[in-house]
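Peer 1: I'd like to go over a predicted model; first the sequence, then the structure.
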Amino acid sequence: MTKMATREAYGIALAELIKENENVVVLDADLTKSTKTIDAKKACPARHFNMGIQEGNMMSTAAGLAASGKIVYASSFAIFAAGRAYEQIRNSIGYPHLNVKICATHAGISVGEDGASHQAIEDLGLMRGIPNMKVFQPCDETETKAIIKAVSEIEGPCYIRLGRGAVEDVFDENYHFECGKGIVLQKGEKVAIVATGLMVQEALKAAKELEFAPTIVNMPSIKPIDEELLIELAKTHDYILTCEEHSIINGLGSAVCETLAPYNLCKIIRLGVQDTFGESGKTSDLLEKYGLNSKFIVNKIHDIIK
Amino acid sequence: MYNKEELCKYSNNIRKNIVKMIAHAKSGHPGGSLSAVDMITCLYFNVMDINHENVNSIERDRFVLSKGHASPLLYAVLAEKGLIPEEELMTFRQINSRLQGHPNMNYVPGVDMSTGSLGQGISCAVGMAMANKLDENNHRVYVLLGDGECEEGQVWEAAMAAAHYKLDNLCAMIDYNELQIDGSIHDVMDPSPLDKKFEAFGWHVIEIDGHDYDQIEKAFEEAKTVKGCPTLIFAHTTKGKGVSFMENQAGWHGSAPNEEQLKTALEELGGNDHD
């Protein structure tokens, strides 16, 4: 099984796309080697612009390019894209419904050694709250490449949440991305694990350690979310367990609760970063300390079904 | 090309519509709308190539109202150009109107960017100018900044980027009326010297009287000839220009005239009505 960071897959997919589609323009804020937009720069230097350390200006500039018919991919770390430039995204991109794809890398605590200042755990909530904005989080290389291509054909603003560290493959070449759809990876009973990003791999690992087979769902489309699938899961399971490398406030877990609240069908348990900042450390140590690996999924399921 | 007398006539009617629509809405920003009337009238009537046929297209010059609170000015100019119906102006700031408190590009043909949050419009204009360079067309991008707006850090990010990418198809104007909501710009948070700052950022700067049509037109013409860097028209203006009791009063930044004040204002502006 091969491993690749979703940001790496983004770089590869974007380099392809910028060659294929002459309307694609890429902006970056002095992080081209980290966000991997450098691949697109090599593929087509004329349509890649380094905007320097100016995330706010970059987002509004992206809006201006989009208002001129361009499909703009704008990248920085998630903390600076969604966090620092939040209001530029909201007012310059979201409100006028402009065709900007915000591809934010280094999301979550898996950023590691850089510490809490660089670990965005609130970005899904910030972006999901903006009307017109679609929000996606791929879990592996194949899904990332599919989403990066797919959003070029979705009219309007999109936020794509990408990670720093290498993650194992979940999908093969038969994968198909559909906006607003979750993907059932394993059909089981009692508990439906609904996971996004690197927690998908952890959920698959956890399932192997359980005495029974839970259902496992990958949810790359946080907004719009797959309401039909969630209702079906809620009707056929005792519990839904959401798993995300994001604050338990305002992320996938919140989106699932909001979607299912009117129906009163099953209990929903949320696993994610508690209402706390991260810290420096190795990614594996951080995921362990903040309760975001397969062991915690197994323990949580044991707790809830006794 | 319209002559000075015709421009005066249009400006005067635009001023009347600005005070009428704000009075009717009982809210809005008259001071900074009136101060920039002469520049924007000149821009729309004698400089930009916008018309009925191309208004919905991006294949033309474009204007970004970075100081989005001066929306009455933009709407009144579009009405004067016949691009939106003049009677629609009285729906400004009302429920179900296209004419939002701050401009929305999705609703109104001729509004080239949604603005209102200060500092962002100039960055959007930078993006448009970059797109024009990529497309190798000759369309120009104009953007109107407030002087108070230049207290926003994003203005300087955009200024740096525009010079870095040698956007000589970008022309910014500063409506230098020296007043903002809380008083004199020099007392609140002095952004001056704005001309020297833009020069230091790599812009070509032209200083003018923003109410003198000859100077305004000359500045736009000069800007078109500048190569390799963006141009700033640094325009000295009078806040509330044309309505004596509003002139140079920070209090008229964001308040609406009552019926009596409207009557006085319209009487003062009365002479050049084009109906």
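Peer 2: That came in fine, so what should we check first?
Peer 1: check contacts around residue 175.
Peer 2: With no chain named, the answer covers chain A. Residues near A:Tyr175 by Cβ atoms under 8 Å, 6 or more residues apart in numbering or on different chains: A:142-143, A:146. C-betas here are computed from N, CA, C, even on glycine.
Peer 1: let's do chain B instead
Peer 2: B:32, B:35-36, B:39, B:67, B:70, B:144-147, B:210, B:235, B:237.
Peer 1: export those residues to JSON lines and tack on neighbour count, distance to B:Ile50 and secondary structure?
Peer 2: Conversion of these to JSON lines gives the following (neighbours: other Cβ atoms under 10 Å in any protein chain shown; distance: Cβ to Cβ, whole Å; DSSP: H, G, I helix; E, B strand; the rest coil):
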{"residue": "B:Gly32", "neighbour count": "28", "distance to B:Ile50": "22", "secondary structure": "helix"}
{"residue": "B:Ser35", "neighbour count": "32", "distance to B:Ile50": "22", "secondary structure": "coil"}
{"residue": "B:Ala36", "neighbour count": "29", "distance to B:Ile50": "17", "secondary structure": "coil"}
{"residue": "B:Met39", "neighbour count": "28", "distance to B:Ile50": "15", "secondary structure": "helix"}
{"residue": "B:Lys67", "neighbour count": "31", "distance to B:Ile50": "19", "secondary structure": "coil"}
{"residue": "B:Ala70", "neighbour count": "28", "distance to B:Ile50": "18", "secondary structure": "helix"}
{"residue": "B:Leu144", "neighbour count": "29", "distance to B:Ile50": "15", "secondary structure": "strand"}
{"residue": "B:Leu145", "neighbour count": "28", "distance to B:Ile50": "20", "secondary structure": "strand"}
{"residue": "B:Gly146", "neighbour count": "30", "distance to B:Ile50": "22", "secondary structure": "strand"}
{"residue": "B:Asp147", "neighbour count": "26", "distance to B:Ile50": "26", "secondary structure": "coil"}
{"residue": "B:Gly210", "neighbour count": "27", "distance to B:Ile50": "21", "secondary structure": "coil"}
{"residue": "B:Ala235", "neighbour count": "26", "distance to B:Ile50": "21", "secondary structure": "strand"}
{"residue": "B:Thr237", "neighbour count": "24", "distance to B:Ile50": "23", "secondary structure": "coil"}
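Peer 1: nearest to B:Ala265, of those residues?
Peer 2: Nearest to B:Ala265 among the contacts of B:Asp175 is B:Ser35, at 14.6 Å by Cβ to Cβ.
Peer 1: and that closest one, how far from A:Glu202?
Peer 2: Shown here: B:Ser35 relative to A:Glu202, a distance of 60 Å by Cβ to Cβ, to the nearest Å.
Peer 1: same question, A:Glu143
Peer 2: 16 Å.
Peer 1: same question for A:Tyr10.
Peer 2: Going from A:Tyr10 to A:Glu202 by Cβ to Cβ gives 21 Å.
Peer 1: more neighbours: which of those two?
Peer 2: Using other Cβ atoms under 10 Å in any protein chain shown, the more surrounded residue of A:Tyr10 and A:Glu202 is A:Tyr10, with 29 against 24.
Peer 1: test my guess that that one contacts A:Ser34.
Peer 2: No: in this structure, A:Tyr10 is not within contact of A:Ser34 by Cβ atoms under 8 Å, at 11.2 Å.
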